[in-house]
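[1] with the input below, show me the fold.
(chains A, B, C and D)
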Number of protein chains: 2
Amino acid sequence: MAGLSSRSAVAIHALAMLAHRRGGSLTSAEIADSLESNPVFVRRILGRLRDAHLVWSTEGRGGGWSLARAPRDITLYDAYAAVEEGQIFSRHTHPPNGGCEVGRGIGDLLDAEFRSAERALEEQLGRTTIAGLLQQILASDGEPRGH
Amino acid sequence: MAGLSSRSAVAIHALAMLAHRRGGSLTSAEIADSLESNPVFVRRILGRLRDAHLVWSTEGRGGGWSLARAPRDITLYDAYAAVEEGQIFSRHTHPPNGGCEVGRGIGDLLDAEFRSAERALEEQLGRTTIAGLLQQILASDGEPRGH
DNA sequence: ACAAACTGTAACCAATCCAGTGACAGTTAA
DNA sequence: TTAACTGTCACTGGATTGGTTACAGTTTGT
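    Numbers count the residues shown, from 1 in each chain, chains lettered A, B, ... in the order given. This is a model prediction of the structure:
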């Protein structure tokens, strides 16, 4: 549990690629290729993005994946929320000992503190859109490099 | 990787217990008892808190653990930083394909976005001290309950 | 001197999750 | 009818977590 899975990063990468296509579609193999990963893994993640109504897919030959919303209407939080599950912080498996004054009261308060911290992280993620991210990517790509 | 370990929760719980002792000490067995856990696990976590100069320990008979700072000078972020390691977000194992325009540029930008989100979480954790948490615990414990 | 009560580690375990992979049914277009 | 996709299952190896036993080292009490 040294943090979250790489699913958020993969999801954001895939959304940025789709945004770069401007309405066009990509196959899971093409996306997996850019990630140096494999199509099944990509389809598992894109499937979650579809459940969250961020992308849609078409089956059969010529099928693939497309954005379901404008890139400026998709934030990094949307991607994060679609593919990560549960809370970031874990509580200890066993409930605290009720015979301890501190143990009795700490449970709910700790949950509240943790949720508050997670909310701060989520709000920060919500401040960047796929459109904004793509714009930065393309801007840095075209930077002059001394020749 | 469905989130962080429970070490932060355990660390904060232990710090709150020590703060409740007001300068006194507790053994790892006593703390483990309140957590319904075991002393070795607790010593592993308290060892990290000691490395971060939040607590100190004395060996031998009558030994145990005490706070190294005033509870109002220890935040939840201090506990978190002492026991959790690395970043919350993971990147995909393989680097993105350099042949892809999006893949080339996304790496550093994604790192920056993730770090920014993590910083927001950390700042929120830094707003609560052990002293404040303990105060809330004791206040809710002594609440009038209709009799 | 000796026993008791601690810390500090190492070693091992079961459970869980991640990501990689092969397989294959279902769907659609050429 | 074939080719190219999605959708999903099953299995894998590797990493990490928390539980537990064991034991060496340290300090106090008698």
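[2] using CSV, write down the CA coordinates of stretch A:109-124.
    Taking C-alpha atoms only, stretch A:109-124 is exported to CSV below (Å, rounded to 0.1, in the frame of the first residue of the first chain):
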residue,chain,number,x,y,z
LEU,A,109,-12.3,12.1,14.4
LEU,A,110,-9.5,10.4,12.5
ASP,A,111,-11.9,9.5,9.8
ALA,A,112,-13.0,13.2,9.5
GLU,A,113,-9.4,14.4,9.4
PHE,A,114,-8.4,11.9,6.7
ARG,A,115,-11.5,12.7,4.6
SER,A,116,-10.7,16.4,4.9
ALA,A,117,-7.1,15.8,3.6
GLU,A,118,-8.3,13.6,0.8
ARG,A,119,-10.8,16.3,-0.2
ALA,A,120,-8.0,18.8,-0.4
LEU,A,121,-6.1,16.5,-2.8
GLU,A,122,-9.2,15.9,-4.9
GLU,A,123,-9.9,19.6,-5.2
GLN,A,124,-6.4,20.2,-6.4
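[3] would you mind listing the outside residues contacting it?
    Here stretch A:109-124 makes contact (CB atoms under 8 Å, 6 or more residues apart in numbering or on different chains) with A:77, A:80-81, A:87-89, A:91, B:9, B:12-13, B:76, B:88, B:116-125, B:128, B:133, B:136-137, B:140. For every residue, glycine as well, the C-beta is placed using N, CA and C.
[4] show me the strands in chain A, by range?
    Counting by DSSP state E, the segments of chain A that form strands are A:55-58, A:64-67.
[5] verify the stated contact: A:V102 with B:I137.
    Yes - using CB atoms under 8 Å, A:V102 is in contact with B:I137, at 6.0 Å.
[6] which residues are common contacts for those two?
    B:A16.
[7] which helix or strand in chain A has the lowest average pLDDT?
    Every helix and strand of chain A was ranked by mean pLDDT, DSSP states H and E. The lowest is helix A:130-141, at a mean of 92.
[8] and that helix, what's buried?
    Under the neighbour-count criterion of 16 or more other CB atoms under 10 Å in any protein chain shown, helix A:130-141 has A:130-134, A:136-137 buried.
[9] make JSON lines from these and add distance to B:H20 to it.
    Converted to JSON lines, the buried residues of helix A:130-141 look like this (distance: CB to CB, whole Å):
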{"residue": "A:I130", "distance to B:H20": "48"}
{"residue": "A:A131", "distance to B:H20": "51"}
{"residue": "A:G132", "distance to B:H20": "47"}
{"residue": "A:L133", "distance to B:H20": "46"}
{"residue": "A:L134", "distance to B:H20": "51"}
{"residue": "A:Q136", "distance to B:H20": "48"}
{"residue": "A:I137", "distance to B:H20": "51"}
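[10] check contacts around A:N97.
    A:103, B:33-36.
[11] at 7 Å what do you get?
    A:N97 makes contact with A:103, B:33-34, B:36 under the criterion CB atoms under 7 Å, 6 or more residues apart in numbering or on different chains.
[12] out of these, which are inside helices?
    A:103, B:33-34 (DSSP state H).
[13] show me where chain A has helices.
    In chain A, the helices defined using DSSP H lie at A:7-20, A:28-35, A:39-51, A:76-83, A:101-125, A:130-141.
[14] do the first one and DNA strand D meet?
    In this case it means helix A:7-20. No - Helix A:7-20 stays clear of DNA strand D (CB under 7 Å from any atom of the strand), getting no nearer than 10.8 Å.
[15] distance-wise, check A:R61 relative to DNA strand D.
    A:R61 is 4 Å from DNA strand D, where distance means CB to the nearest atom of the strand, to the nearest Å.
[16] low-confidence ranges, chain A, go.
    A:141-147 (pLDDT under 70).
[17] DNA strand D contacts on that one?
    Selection of chain A residues close to DNA strand D by CB under 7 Å from any atom of the strand yields A:1-2, A:27-29, A:39-40, A:43-44, A:46-47, A:50, A:57-65, A:90, A:92-94.
[18] from chain A, which residue is nearest to DNA strand C?
    Closest to DNA strand C within chain A is A:G60: 2.2 Å, counting by CB to the nearest atom of the strand.
[19] next one: that residue relative to chain B, how far apart?
    Note on A:G60: its distance to chain B, by CB to the nearest CB, to the nearest Å, is 25 Å.
[20] swap in A:E59?
    According to CB to the nearest CB, A:E59 stands 25 Å off from chain B.
[21] got the contact list for A:S34?
    Applying CB under 7 Å, 6+ apart, we find A:S34 in contact with A:17, B:96-97, B:100, B:102-103.
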